[in-house]
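Colleague: with the input below, show me the fold.
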Amino acid sequence: CNHNGMCIDQGVCSCFPGYTGERCEQDCGCGGHGQCDAEGTCVCDNGWRQSANGDTCEWDCYCNGGASVCIGPGICGCKACEKGTCVGGQCQCWSGFTGHDC
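Modeller: Numbers count the residues shown, from 1 in each chain. Okay, here's the model as predicted:
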């Protein structure tokens, strides 16, 4: 099974997620974060999306633009939060501090 699956019977492989083919010889491009569909194309796990060039899965975040950045699958974080606490990708300022980044 080319080290990409388990042999479950003589000549029969059970492929690990992200691999397909009779002998698990085809990497469908999930990078360990998805599974192959019937056509051998990667379907990325929840919180991941196909990269722009289509060769792997990458973090999938819909952060609110300028103040937030993707810090993990489906997780937004703050670019800067000087005098506050970052919650859901937005800086919540401590008492007495204001502004986008506090």
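
Colleague: so for stretch 4-21, mean pLDDT?
Modeller: In this model, stretch 4-21 carries a mean pLDDT of 93.

Colleague: which other residues reach it?
Modeller: With CB atoms under 8 Å, 6 or more residues apart in numbering as the contact definition, stretch 4-21 has outside contacts at 1-2, 22-36, 40, 42. All C-beta atoms are positioned from the backbone trio N, CA, C, and that covers glycine.

Colleague: repeat that for stretch 45-61.
Modeller: Applying CB under 8 Å, 6+ apart, the contact partners of stretch 45-61 are 29-35, 42, 44, 70-76.

Colleague: ok, now with 7 Å
Modeller: Outside stretch 45-61, the residues that touch it by CB atoms under 7 Å, 6 or more residues apart in numbering are 29-31, 33-34, 42, 44, 70, 72-76.

Colleague: do stretch 93-102 as well
Modeller: Contacts of stretch 93-102 (CB under 7 Å, 6+ apart): 67, 80-84, 91.

Colleague: quote the end-to-end distance of that stretch.
Modeller: The first and final residues of stretch 93-102 sit 5 Å from each other (CA to CA, to the nearest Å).
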